[in-house]
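Just the structure for this:
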Amino acid sequence: MRFPFTGVIPVDKPPGITSRKVVDIVGRAAGMKSVGHAGTLDPLASGVVVVCLGHATKLVDYLHAQSKAYSATFLLGRSSPSDDFETPIETEPDPRVPTVEELEAAAGDFRGDILQRPCDYSAIHVDGKRAYRLARKGKPVEMKARPVRIERLEITDYQWPRLAVEIECSAGTFIRAIGRDLAVTLGTHAVMESLRRTRVGPYEIDSAVPLSSIEPATLPGLLLPPLTALPHLPRVTLTGEILDSAVRGGLLPPDTVVGERAAAVDGDGVLVGILGRLANGSLRLRPNFRGLG
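So this is what the prediction gives:
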């Protein structure tokens with residue numbers, strides 16, 4: 001199937017709407033249904049939502065796996081079932097007020113590879129159902145801790161009860177849970193007051209497109225090439241008969257690339273697909289943008 005548009009748009013989502021709504025707005029502007037996003041952002045949050053159109057939707061998983069960056073504020077001495085303002089807030093009557101030195105010391109334990117228990121009010125599946133649906137019905141939710149990586153956790157401001165942080169982390173990290181767990185280690189609680197995603201993979205907030213700017217007339221000029229979504233993959237150029245064979249579904253020799261995957265481009269530097277290694281060691285384009293066309 002051929003699409004009128006194929007590419008990527010990093011959108012600056014305003015607070016108060018869902019990531020799905022962002023996709024719908026972009027899809028209407030493009031006049032197409034083959035539109036998706038890489039990484040859900042909570043309705044209360046703002047910031048980068050990467051929208052993929054046409055064949056670029058095949059890159060969503062590759063984008064979602066890349067690191068992300070956030071700016072967040074927390075209110076200490078408070079708690080809620082959802083760890084943010086989505087559910088009722090309970091204020092501690094006599095909270096412990098940690099010093100900035102204590103916060104800095106405790107933050108060290110949350111850098112690097114850690115085990116994190118996801119928030120009960122999350123989209124993670126528990127016994128085949130979304131955790132937040134179970135939590136909203138008052139049913140017990142057992143969330144198992146899972147490994148995540150915190151590449152950077154920096155305290156940028158602290159004026160009790162407000163704590164501001166900047167975080168760079170792996171996919172699957174819950175920012176709400178970082179504030180929750182950091183506060184608990186210091187004998188208090190925390191709820192997330194605000195969250196802004198400032199980066200998804202290579203896409204920074206400074207270059208993200210305001211949602212209000214996306215219209216049918218402006219959309220073509222906002223599209224970025226699909227190749228921009230893959231800075232973490234090695235790149236290999238295919239030309240001539242090798243390119244022709246690859247786009248027809250043919251296998252390439254194991255020594256074509258080093259590693260398990262590589263972004264394959266043609267002689268003009270245009271992405272034709274991703275070479276993935278098969279069980280026998282050979283390589284095939286999956287996805288194959290030319291084959292999809």
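
which residues of this structure score low on pLDDT?
1, 120-142, 292-293 (pLDDT under 70).

got the residue ranges for the helices in it?
Using DSSP state H, the helices found in the chain span residues 19-30, 60-64, 100-107, 131-136, 175-185, 219-222, 240-247, 289-292.

Figure out which of the ones you listed is closest to Leu75.
helix 175-185 (8.9 Å; C-beta to C-beta). The way it works is simple: take the backbone N, C-alpha and C, and place the C-beta from them, glycine included.

Check the helices of the chain for me and report the most buried one.
helix 175-185 (a mean of 22; mean count of other C-beta atoms under 10 Å).

can you map out the strands along the stretch 151-293 of the chain?
According to DSSP state E, counting those that start in this stretch, the stretch 151-293 of the chain carries its strands in the segments 162-169, 190-200, 203-204, 209-210, 235-237, 261-265, 271-277, 283-288.

Out of the helices of the chain, the one nearest Ser80 is which?
helix 175-185 (9.6 Å).

what would the helices of the chain look like in a markdown table with distance to Asp113?
Shown next, in a markdown table, are the helices of the chain (distance: least, C-beta to C-beta, whole Å):
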| stretch | distance to Asp113 |
| --- | --- |
| helix 19-30 | 27 |
| helix 60-64 | 19 |
| helix 100-107 | 15 |
| helix 131-136 | 23 |
| helix 175-185 | 14 |
| helix 219-222 | 37 |
| helix 240-247 | 37 |
| helix 289-292 | 35 |
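
wait, which of those is closest to Ala263?
Closest approach to Ala263 among the helices of the chain is made by helix 60-64 (9.1 Å; C-beta to C-beta).

which residues touch that closest one?
8, 36-39, 50, 52, 171, 200-201, 229-230, 232-233, 274 (C-beta atoms under 8 Å, 6 or more residues apart in numbering).

cool, and stretch 166-180?
39, 64-72, 74, 82-84, 110, 116-119, 122, 146, 148-154, 156, 163, 165, 189-192, 195, 198-199.
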